[in-house]
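Colleague: okay, sequence plus prediction incoming.
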Amino acid sequence: MSNPRKKWYQLIPHPVVMLFGIIIIAAILSYILPAGSYERALVDGRQRVIPDSYKILDASPVGFLDIFRALSIGFSKASDIIFLVLVSGAMFGILEKTKMVENTVGTIVKTLGLKRKYFIVVMVTFVYGLLGVAVGYENNIAMVPIAAILSLAIGGDLMLAAGISVGAITVGFGLSPINPYTVGIGHKIAEMPLFSGALLRSILCFIGLSALAWYNVRYFKKITADKDKSMSKGLNIDGFQLSGAIEGYSITPNNWLVLLVFIGGLAFMLFGVFTYHWYLIEISSMFVIIAILAGIVSRMNPTTFSETILKSIGMVAPGAFMVGYARTISVILEMGNIGDTIAFQLSDMLKTMPTYVAAIFMSIAQCGINLVIPSGSGQALATLPIMIPVGDVLGLTSQTTILAFQIGDGVTNLFNPTLGGLIAMLSLCRVPFDRWLRYIFPLTFILLFIGWVFLLISVFIEWQ
């Protein structure tokens, strides 16, 4: 008797195996694709590609030993995100130890009532989405574990927690009408008013978050009816579960002090981000300060504080490892000088397509490039100086070209294995990347379809 045919998600290898396979493929491509590079110029403190400056370079294939050198280099280049993951886990461990997070979440659920659990999922999805729209991506990493406690408190699981937090932050950030790293840079390159065309982008972002909220509720109803359909079976939920009955929760005066430290620290961090352009190093420093202050105001003794820190770091260490591991892929592409070649060949292919088809394929091309250049700002600076003139030749407005880039970059961030922030946030939810792919793939295609409908509308109305 033959074995039943495996479902597609059963063919997804372990994340460590998957990423190593991508690393090997990237190294093989360095033997197949010609090495090439665009010239770059420093504009407003950023390296920007000069259009029509692509030239072939001497081949620089990645050798066997280079693959393993790239691993070390990848971890070195991702050290800031790796440290952010570790200190985020440590900070949350301290906050959880003080009982502030558990008591706050328990009190919120008690106030809203378990009968409104589906409304809570929709509401929290939009809250995290708005954080992605207005605050940024890695800036929200400390908020992710709170969703895990909330999800388990209302009868959900860790995958639902990832959907309402990681998914919502990613969709909100990726489709944000005021994203300075993608839309803002695109408008500067095109010499257009900053964040112009915000209405159409806002509608797209709202519909995208609505689709995600519906998708999360649909999954929640499925696992509520049948726990065996949960995608989180076997995952570690230590520290995420409420320890008492919902009716008994309240926020103590000491909890309020710790909550004040947490909110005050985040507010000060965001002030630094928006005023002094703080990034990963400064954000990590603030998380360390929050953890220390929370330990002090909760009167935690030094031994308990130290043991909690180390235990919490142990929980997120696998995710931190995956961040550096994923960074190796872009290092391989840099070694082989084939990243610019991929961008050049994709843009050259678009020039032969009809206008409506080209708009869709421009977005698809950006999906592929996003796997090579996971940074939104890096991708914008590398591709939009090329794509905007290509769009002009095809009869696409600059707004449409930038929207095609935003959709391709923003939506594929949901499953991009080279995106350090995504891997980091999933690790804080303790959700393995292969299980996340199984959950998020269907929604990704829904969001891409919605985005492409908006792209066709923008072409039809010649959106300026």
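Modeller: On my side now, so go ahead.

Colleague: and for the host helix or strand of Met18, what are the contacting residues?
Modeller: Using DSSP states H and E, Met18 sits in helix 15-32. Under the criterion C-beta atoms under 8 Å, 6 or more residues apart in numbering, residues 12-13, 60-62, 66-67, 70, 322, 325-326, 328-329, 332-333, 335-338, 417, 432-434 lie in contact with helix 15-32. The C-beta positions use only the backbone N, C-alpha and C, and glycine is treated the same way.

Colleague: if you count neighbours, what's buried in it?
Modeller: For helix 15-32, burial by neighbour count (16 or more other C-beta atoms under 10 Å) applies to Pro15, Met18, Leu19, Phe20, Ile22, Ile23, Ala26, Ala27, Leu29, Ser30.

Colleague: from these, pick the one nearest Ala134.
Modeller: Pro15 (30.5 Å; C-beta to C-beta).

Colleague: that closest one and Arg435, how far apart?
Modeller: Per C-beta to C-beta, to the nearest Å, Pro15 is found 9 Å from Arg435.

Colleague: now do the contacts for Ala317.
Modeller: Ala317 touches Leu86, counting by C-beta under 8 Å, 6+ apart.

Colleague: element containing it, please.
Modeller: Counting by DSSP H and E, Ala317 is found in helix 302-336.

Colleague: give the helix, strand or coil label for Asp409.
Modeller: The assignment at Asp409 comes out as helix when based on DSSP: H, G, I helix; E, B strand; the rest coil.

Colleague: correct me, but it touches Asn179?
Modeller: No. Contact status for Asp409 versus Asn179: not in contact, 9.5 Å apart, counting by C-beta atoms under 8 Å.

Colleague: which neighbours do those two share?
Modeller: Counting by C-beta under 8 Å, 6+ apart, the common neighbours of Asp409 and Asn179 are Gly376.

Colleague: now do the strands in the protein.
Modeller: Counting by DSSP state E, the segments of the chain that form strands are 36-37, 40-43, 46-49, 55-56.

Colleague: looking at the ones you listed, which is closest to Phe75?
Modeller: Proximity to Phe75 (C-beta to C-beta) singles out strand 46-49 among the strands of the chain, at 23.4 Å.

Colleague: report all helices and strands that the closest one contacts.
Modeller: Under the contact criterion of 3 or more C-beta pairs under 8 Å, 6 or more residues apart in numbering; DSSP states H and E, strand 46-49 touches strand 40-43, helix 376-394.

Colleague: so which bits of that strand are buried?
Modeller: Result for strand 46-49 [16+ other C-beta under 10 Å]: buried residues Arg48, Val49.

Colleague: ok, that strand: who's next to it in the sheet?
Modeller: strand 40-43 (antiparallel) (DSSP bridges).

Colleague: distance from the chain centre to the partner strand, please.
Modeller: When distances are taken as C-alpha atoms, centre = their mean, to the nearest Å, strand 40-43 is centred 27 Å away from the chain's centroid.

Colleague: pLDDT averaged over it - what is it?
Modeller: Average pLDDT, strand 40-43: 82.

Colleague: so what's the closest residue to Lys99 other than its chain neighbours up against?
Modeller: The shortest distance from Lys99 to any non-neighbouring residue, by C-beta to C-beta, 6 or more residues apart in numbering, is to Asn255 (6.6 Å). Residues near Asn255 by C-beta under 8 Å, 6+ apart: Thr98, Lys99, Met100, Asn103, Thr104.

Colleague: which residues sit against the lowest-mean-pLDDT helix or strand in the chain?
Modeller: Ranked by mean pLDDT, DSSP states H and E, the weakest helix or strand in the chain is strand 46-49, scoring a mean of 80. With contact meaning C-beta under 8 Å, 6+ apart, strand 46-49 is reached by 38-42, 185, 189, 340, 377, 381-383, 385-386.

Colleague: and for stretch 188-204?
Modeller: Contacts of stretch 188-204 (C-beta under 8 Å, 6+ apart): 44, 48, 175-178, 183-184, 187, 380-381, 384-385, 388, 398-399, 401-403, 406, 450-451, 454, 457-458, 463-464.

Colleague: how far out from the middle of the chain is it?
Modeller: Distance of stretch 188-204 from the chain centroid (C-alpha atoms, centre = their mean) equals 22 Å.

Colleague: buried subset of the contacts of helix 15-32?
Modeller: Listed as buried from the contacts of helix 15-32 are 12, 61-62, 66-67, 70, 322, 325-326, 328-329, 332-333, 335-338, 417, 432-434; burial here means 16+ other C-beta under 10 Å.

Colleague: now do the helix holding Ala317 against helix 376-394, angle only.
Modeller: With axes from the mean of the first three to the mean of the last three C-alpha atoms, to 10 degrees applied, the angle from helix 302-336 to helix 376-394 works out at 30 degrees.

Colleague: I'd like the average pLDDT over helix 302-336.
Modeller: Helix 302-336 shows a mean pLDDT of 91.

Colleague: what residues of that helix count as buried?
Modeller: The neighbour-count check on helix 302-336 (16+ other C-beta under 10 Å) flags 305, 308-309, 312-313, 315-316, 319-336 as buried.

Colleague: try stretch 100-119
Modeller: Buried, per 16+ other C-beta under 10 Å, within stretch 100-119: Met100, Val101, Glu102, Asn103, Thr104, Val105, Gly106, Ile108, Val109, Lys110, Lys117, Tyr118.

Colleague: how about stretch 369-383?
Modeller: 369-376, 378-383.

Colleague: what of stretch 454-464?
Modeller: Applying a neighbour-count criterion of 16+ other C-beta under 10 Å, one finds Phe454, Leu455, Ser458, Val459, Trp463 buried in stretch 454-464.

Colleague: let me know how buried the closest residue to the fourth one other than its chain neighbours is, in neighbour terms.
Modeller: Closest residue to Val459 apart from its sequence neighbours, by C-beta to C-beta, 6+ apart: Ala359 at 5.1 Å. Taking other C-beta atoms under 10 Å as the neighbour definition, Ala359 ends up with a count of 25.

Colleague: got a list of what Ala359 touches?
Modeller: Counted by C-beta under 8 Å, 6+ apart, Ala359 has contacts Leu396, Thr400, Ala404, Leu455, Leu456, Ser458, Val459.

Colleague: contact partners for the closest residue to Asp157 other than its chain neighbours?
Modeller: In space, and not counting its chain neighbours, Asp157 is closest to Ser232: 3.9 Å by C-beta to C-beta, 6+ apart. Contact analysis of Ser232 by C-beta under 8 Å, 6+ apart lists Asp157, Leu158, Met159, Leu160, Val431, Arg435.
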